[in-house]
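A.B. asks: this is the structure alone, sequence omitted:
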(Lines give C-alpha, C1' and ligand atoms only; values in the text may rest on other atoms or scores of the structure.)
Protein backbone atom coordinates (compact mmCIF):
# COMPACT_ATOMS: atom_id res chain seq x y z
CA UNK A 1 0.00 0.00 0.00
CA UNK A 2 1.23 3.57 -0.65
CA UNK A 3 2.62 5.31 2.40
CA UNK A 4 2.33 8.93 3.45
CA UNK A 5 5.47 10.63 4.74
CA UNK A 6 5.17 13.95 6.57
CA UNK A 7 8.17 16.09 7.39
CA UNK A 8 6.92 19.22 9.13
CA UNK A 9 3.89 20.94 10.59
CA UNK A 10 1.52 22.92 8.41
CA UNK A 11 2.32 26.59 7.87
CA UNK A 12 -0.80 28.18 6.45
CA UNK A 13 1.00 31.22 5.04
CA UNK A 14 2.82 29.07 2.48
CA UNK A 15 1.54 28.00 -0.91
CA UNK A 16 1.23 24.24 -1.37
CA UNK A 17 2.66 22.80 -4.57
CA UNK A 18 1.84 19.25 -5.66
CA UNK A 19 4.36 17.79 -8.11
CA UNK A 20 4.21 14.34 -9.68
CA UNK A 21 7.47 12.48 -10.10
CA UNK A 22 10.65 12.52 -8.01
CA UNK A 23 13.56 12.60 -10.47
CA UNK A 24 14.67 14.80 -13.36
CA UNK A 25 12.42 17.80 -14.00
CA UNK A 26 10.19 16.87 -11.07
CA UNK A 27 13.09 16.81 -8.60
CA UNK A 28 14.44 20.12 -9.94
CA UNK A 29 11.02 21.74 -9.57
CA UNK A 30 10.47 20.34 -6.09
CA UNK A 31 13.79 21.75 -4.89
CA UNK A 32 13.26 25.14 -6.52
CA UNK A 33 9.70 25.46 -5.20
CA UNK A 34 10.86 24.55 -1.70
CA UNK A 35 13.77 26.99 -1.83
CA UNK A 36 11.32 29.74 -2.81
CA UNK A 37 9.50 29.13 0.48
CA UNK A 38 6.62 26.93 -0.63
CA UNK A 39 5.38 23.70 0.87
CA UNK A 40 5.94 20.84 -1.58
CA UNK A 41 4.12 17.54 -1.77
CA UNK A 42 5.37 15.06 -4.34
CA UNK A 43 3.86 11.83 -5.60
CA UNK A 44 5.80 9.05 -7.32
CA UNK A 45 5.88 5.27 -7.56
CA UNK A 46 9.67 5.32 -7.08
CA UNK A 47 9.94 4.90 -3.31
CA UNK A 48 13.73 5.10 -3.22
CA UNK A 49 13.93 8.45 -5.00
CA UNK A 50 11.08 9.78 -2.84
CA UNK A 51 12.96 8.93 0.34
CA UNK A 52 16.22 10.33 -1.01
CA UNK A 53 14.59 13.61 -2.03
CA UNK A 54 12.73 13.85 1.28
CA UNK A 55 15.98 13.35 3.20
CA UNK A 56 17.55 16.20 1.24
CA UNK A 57 14.63 18.54 1.92
CA UNK A 58 14.53 17.54 5.59
CA UNK A 59 18.22 18.34 5.97
CA UNK A 60 17.47 21.83 4.64
CA UNK A 61 14.41 22.19 6.91
CA UNK A 62 12.03 22.58 3.96
CA UNK A 63 8.33 21.96 4.46
CA UNK A 64 7.35 18.88 2.50
CA UNK A 65 5.51 15.60 2.30
CA UNK A 66 5.27 12.76 -0.17
CA UNK A 67 3.20 9.78 -1.13
CA UNK A 68 4.29 6.63 -2.97
CA UNK A 69 1.63 5.72 -5.52
CA UNK A 70 1.02 4.40 -9.01
CA UNK A 71 -0.66 7.34 -10.73
CA UNK A 72 -2.30 5.11 -13.34
CA UNK A 73 -4.61 3.82 -10.57
CA UNK A 74 -7.57 6.12 -9.78
CA UNK A 75 -7.81 4.97 -6.17
CA UNK A 76 -4.13 5.66 -5.53
CA UNK A 77 -4.42 9.14 -7.04
CA UNK A 78 -7.41 9.94 -4.84
CA UNK A 79 -5.55 8.69 -1.75
CA UNK A 80 -2.45 10.72 -2.57
CA UNK A 81 -4.35 13.97 -3.10
CA UNK A 82 -6.36 13.40 0.06
CA UNK A 83 -3.11 12.85 1.96
CA UNK A 84 -1.76 16.17 0.74
CA UNK A 85 -4.92 18.01 1.78
CA UNK A 86 -4.85 16.30 5.17
CA UNK A 87 -1.29 17.55 5.71
CA UNK A 88 -1.46 21.05 4.22
CA UNK A 89 -5.15 21.97 4.10
CA UNK A 90 -5.34 23.06 0.44
CA UNK A 91 -3.60 22.76 -2.93
CA UNK A 92 -2.51 25.97 -4.61
CA UNK A 93 -0.60 24.50 -7.55
CA UNK A 94 -0.19 21.23 -9.43
CA UNK A 95 2.64 20.37 -11.82
CA UNK A 96 2.03 17.11 -13.68
CA UNK A 97 5.53 15.92 -14.53
CA UNK A 98 5.47 12.13 -14.14
CA UNK A 99 5.50 10.24 -17.41
CA UNK A 100 7.47 7.82 -19.54
CA UNK A 101 9.06 7.24 -22.90
CA UNK A 102 7.25 4.20 -24.26
CA UNK A 103 10.08 2.99 -26.49
CA UNK A 104 10.92 -0.04 -24.35
CA UNK A 105 7.23 -1.04 -24.28
CA UNK A 106 6.89 -0.98 -28.07
CA UNK A 107 6.39 2.68 -28.98
CA UNK A 108 7.66 3.34 -32.50
CA UNK A 109 6.49 4.73 -35.83
CA UNK A 110 2.81 3.89 -36.26
CA UNK A 111 3.38 0.98 -38.64
CA UNK A 112 5.67 -0.67 -36.05
CA UNK A 113 4.05 0.51 -32.80
CA UNK A 114 2.59 -2.29 -30.70
CA UNK A 115 -0.78 -2.03 -29.00
CA UNK A 116 1.00 -2.48 -25.68
CA UNK A 117 3.40 0.33 -26.51
CA UNK A 118 0.55 2.67 -27.44
CA UNK A 119 -1.59 1.85 -24.41
CA UNK A 120 1.23 1.86 -21.86
CA UNK A 121 2.48 5.22 -23.13
CA UNK A 122 -0.99 6.78 -22.98
CA UNK A 123 -1.68 5.29 -19.55
CA UNK A 124 1.51 6.73 -18.06
CA UNK A 125 1.34 10.13 -19.77
CA UNK A 126 -2.22 11.15 -20.66
CA UNK A 127 -4.17 9.03 -18.16
CA UNK A 128 -2.04 10.04 -15.19
CA UNK A 129 -2.43 13.71 -16.12
CA UNK A 130 -6.21 13.32 -16.39
CA UNK A 131 -6.50 11.52 -13.06
CA UNK A 132 -4.37 14.05 -11.19
CA UNK A 133 -6.22 16.98 -12.77
CA UNK A 134 -9.57 15.46 -11.88
CA UNK A 135 -8.73 15.00 -8.20
CA UNK A 136 -6.94 18.33 -7.79
CA UNK A 137 -9.59 20.36 -9.62
CA UNK A 138 -12.26 18.88 -7.36
CA UNK A 139 -10.21 20.06 -4.38
CA UNK A 140 -9.57 23.50 -5.86
CA UNK A 141 -13.27 24.04 -6.59
CA UNK A 142 -13.95 23.59 -2.86
CA UNK A 143 -11.31 26.15 -1.88
CA UNK A 144 -11.77 29.84 -1.27
CA UNK A 145 -9.94 32.15 -3.64
CA UNK A 146 -6.51 33.34 -2.55
CA UNK A 147 -5.13 36.89 -2.38
CA UNK A 148 -4.83 36.93 -6.19
CA UNK A 149 -8.51 36.05 -6.56
CA UNK A 150 -7.72 32.50 -7.75
CA UNK A 151 -8.43 29.00 -6.49
CA UNK A 152 -5.36 27.40 -7.98
CA UNK A 153 -3.08 26.83 -10.93
CA UNK A 154 -2.15 23.73 -12.93
CA UNK A 155 0.74 23.14 -15.32
CA UNK A 156 0.82 19.99 -17.44
CA UNK A 157 3.84 18.43 -19.11
CA UNK A 158 3.64 18.40 -22.90
CA UNK A 159 6.59 18.02 -25.29
CA UNK A 160 8.10 19.75 -28.29
CA UNK A 161 7.53 16.47 -30.15
CA UNK A 162 3.77 17.10 -30.05
CA UNK A 163 4.33 20.40 -31.89
CA UNK A 164 7.50 19.97 -33.94
CA UNK A 165 8.29 16.31 -34.75
CA UNK A 166 11.81 15.05 -35.39
CA UNK A 167 11.42 12.03 -37.66
CA UNK A 168 14.91 10.56 -37.73
CA UNK A 169 15.81 10.14 -34.06
CA UNK A 170 12.54 10.60 -32.16
CA UNK A 171 9.94 8.60 -34.09
CA UNK A 172 7.92 7.50 -31.06
CA UNK A 173 4.41 8.24 -32.25
CA UNK A 174 2.50 7.12 -29.16
CA UNK A 175 4.60 9.48 -27.05
CA UNK A 176 3.99 12.40 -29.40
CA UNK A 177 0.27 11.60 -29.53
CA UNK A 178 0.00 11.34 -25.74
CA UNK A 179 1.64 14.74 -25.35
CA UNK A 180 -0.66 16.17 -28.03
CA UNK A 181 -3.61 14.89 -26.00
CA UNK A 182 -2.23 16.70 -22.97
CA UNK A 183 -2.06 19.95 -24.95
CA UNK A 184 -5.70 19.57 -26.01
CA UNK A 185 -6.75 18.72 -22.45
CA UNK A 186 -4.88 21.76 -21.13
CA UNK A 187 -6.60 24.20 -23.45
CA UNK A 188 -10.05 22.66 -22.92
CA UNK A 189 -9.60 22.80 -19.14
CA UNK A 190 -8.32 26.38 -19.30
CA UNK A 191 -11.46 27.50 -21.12
CA UNK A 192 -13.83 25.68 -18.79
CA UNK A 193 -12.25 26.52 -15.44
CA UNK A 194 -11.27 30.17 -16.02
CA UNK A 195 -14.67 31.37 -14.68
CA UNK A 196 -13.99 29.19 -11.63
CA UNK A 197 -10.66 31.02 -11.10
CA UNK A 198 -8.45 28.02 -11.89
CA UNK A 199 -5.64 28.52 -14.40
CA UNK A 200 -4.35 25.68 -16.61
CA UNK A 201 -1.21 25.89 -18.75
CA UNK A 202 1.45 23.53 -20.08
CA UNK A 203 5.16 23.49 -20.78
CA UNK A 204 6.56 21.80 -23.89
CA UNK A 205 10.24 21.03 -23.34
CA UNK A 206 12.80 20.10 -25.93
CA UNK A 207 15.39 17.42 -25.15
CA UNK A 208 16.28 17.69 -21.46
CA UNK A 209 19.07 16.02 -19.49
CA UNK A 210 17.05 13.64 -17.28
CA UNK A 211 17.05 9.89 -16.54
CA UNK A 212 14.42 9.45 -19.29
CA UNK A 213 16.77 10.84 -21.93
CA UNK A 214 19.69 8.53 -21.08
CA UNK A 215 19.60 6.91 -24.55
CA UNK A 216 19.88 10.27 -26.28
CA UNK A 217 22.63 11.46 -23.95
CA UNK A 218 24.79 8.54 -25.06
CA UNK A 219 24.13 8.85 -28.80
CA UNK A 220 26.84 10.93 -30.55
CA UNK A 221 24.54 11.59 -33.52
CA UNK A 222 21.82 13.10 -31.29
CA UNK A 223 24.36 15.18 -29.40
CA UNK A 224 25.60 16.53 -32.72
CA UNK A 225 22.03 17.26 -33.81
CA UNK A 226 21.39 19.28 -30.65
CA UNK A 227 24.13 21.74 -31.62
CA UNK A 228 21.80 23.11 -34.31
CA UNK A 229 18.41 21.83 -33.11
CA UNK A 230 18.70 23.53 -29.70
CA UNK A 231 21.09 26.35 -30.58
CA UNK A 232 20.51 28.41 -27.43
CA UNK A 233 22.50 25.80 -25.51
CA UNK A 234 23.98 23.65 -28.31
CA UNK A 235 23.30 20.69 -26.05
CA UNK A 236 20.53 19.12 -24.01
CA UNK A 237 18.56 21.49 -21.81
CA UNK A 238 18.92 21.22 -18.04
CA UNK A 239 16.02 20.17 -15.84
CA UNK A 240 16.25 23.48 -13.99
CA UNK A 241 15.42 25.34 -17.22
CA UNK A 242 12.03 23.66 -17.38
CA UNK A 243 11.46 23.87 -13.63
CA UNK A 244 11.90 27.64 -13.65
CA UNK A 245 9.41 28.08 -16.51
CA UNK A 246 6.84 25.83 -14.83
CA UNK A 247 7.13 27.67 -11.53
CA UNK A 248 6.60 30.97 -13.30
CA UNK A 249 3.35 29.67 -14.81
CA UNK A 250 2.24 28.35 -11.43
CA UNK A 251 3.09 31.56 -9.58
CA UNK A 252 1.13 34.75 -8.97
CA UNK A 253 3.36 36.46 -11.56
CA UNK A 254 1.35 34.54 -14.18
CA UNK A 255 -2.02 35.10 -12.52
CA UNK A 256 -3.61 36.39 -15.74
CA UNK A 257 -2.21 33.63 -17.98
CA UNK A 258 -4.19 30.53 -18.87
CA UNK A 259 -4.47 28.17 -21.83
CA UNK A 260 -0.85 28.74 -22.90
CA UNK A 261 1.63 26.11 -24.09
CA UNK A 262 5.05 27.48 -23.16
CA UNK A 263 7.84 25.98 -25.24
CA UNK A 264 11.13 25.55 -23.37
CA UNK A 265 13.08 24.05 -26.23
CA UNK A 266 16.33 25.93 -26.71
CA UNK A 267 15.18 27.02 -30.15
CA UNK A 268 14.06 23.58 -31.41
CA UNK A 269 10.92 24.81 -33.15
CA UNK A 270 12.61 27.67 -35.00
CA UNK A 271 15.92 25.98 -35.86
CA UNK A 272 17.32 23.14 -37.92
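C.D. replies: Received, thanks. Please read these numbers as outputs of a predicted model, since none were measured by experiment.
A.B. asks: which residues of the chain fall in strands?
C.D. replies: Counting by DSSP state E, the chain has strands at residues 4-6, 16-20, 39-44, 64-68, 93-96, 152-157, 198-205, 208-209, 237-238, 261-264.
A.B. asks: least reliable of the ones you listed by average pLDDT, please.
C.D. replies: The minimum mean pLDDT among the strands of the chain belongs to strand 4-6 (a mean of 45).
A.B. asks: got the phi and psi for residue 110?
C.D. replies: phi -50, psi -40 (degrees, to the nearest 10).
A.B. asks: quick revisit: closest one to residue 216 among the strands of the chain?
C.D. replies: Distance to residue 216, taken as CB to CB, is lowest for strand 208-209 among these, at 9.1 Å. C-betas here are computed from N, CA, C, even on glycine.
A.B. asks: who does the closest one touch, helix- and strand-wise?
C.D. replies: The contact analysis (3 or more CB pairs under 8 Å, 6 or more residues apart in numbering; DSSP states H and E) places strand 208-209 against strand 237-238, helix 239-250.
A.B. asks: mean neighbour count added to the ones you listed, as a markdown table?
C.D. replies: Below are those laid out as a markdown table (neighbours: other CB atoms under 10 Å):
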| stretch | mean neighbour count |
| --- | --- |
| strand 237-238 | 19 |
| helix 239-250 | 22 |
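A.B. asks: what would the ones you listed look like in TSV with distance to residue 25?
C.D. replies: Output for the helices and strands packed on strand 208-209, formatted as TSV (distance: least, CB to CB, whole Å):
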stretch	distance to residue 25
strand 237-238	10
helix 239-250	5
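A.B. asks: so which of those comes closest to residue 26?
C.D. replies: Nearest of these to residue 26, taken as CB to CB: helix 239-250 at 8.4 Å.
A.B. asks: what's the angle between the closest one and strand 16-20?
C.D. replies: 130 degrees (axes from the mean of the first three to the mean of the last three CA atoms, to 10 degrees).
A.B. asks: got the angle for helix 239-250 vs strand 152-157?
C.D. replies: Using the same axes, to 10 degrees: helix 239-250 against strand 152-157 is 150 degrees.
A.B. asks: what are the contacting residues of helix 239-250?
C.D. replies: Helix 239-250 has contacts (CB atoms under 8 Å, 6 or more residues apart in numbering) with 17, 24-25, 27-29, 31-33, 36, 93, 95, 153, 155, 199, 201, 203, 205, 208-210, 254, 257, 260, 262, 264.
A.B. asks: chain center to it, what's the gap?
C.D. replies: Per CA atoms, centre = their mean, to the nearest Å, the displacement of helix 239-250 from the mean C-alpha position of its chain is 10 Å.
A.B. asks: buried ones in stretch 175-185, by neighbour count?
C.D. replies: Buried residues in stretch 175-185, counted by 16 or more other CB atoms under 10 Å: 175, 176, 177, 178, 179, 180, 181, 182, 183, 185.
A.B. asks: which stretches of the protein have low pLDDT?
C.D. replies: Applying pLDDT under 70 to the chain flags residues 1-13, 272.
A.B. asks: what's around the closest residue in space to residue 171 that isn't next to it in sequence, how many residues?
C.D. replies: In this structure, residue 171 finds its nearest non-sequential neighbour in residue 109, 4.7 Å apart by CB to CB, 6 or more residues apart in numbering. Neighbour count for residue 109, taken as other CB atoms under 10 Å: 11.
A.B. asks: and residue 109, how far from residue 176?
C.D. replies: In this view, residue 109 and residue 176 are 10 Å apart by CB to CB, to the nearest Å.
A.B. asks: can you count the residues close to the closest residue to residue 206 other than its chain neighbours?
C.D. replies: Sequence neighbours aside, residue 265 is the residue nearest to residue 206 in space, at 3.3 Å (criterion: CB to CB, 6+ apart). Neighbour count for residue 265, taken as other CB under 10 Å: 26.
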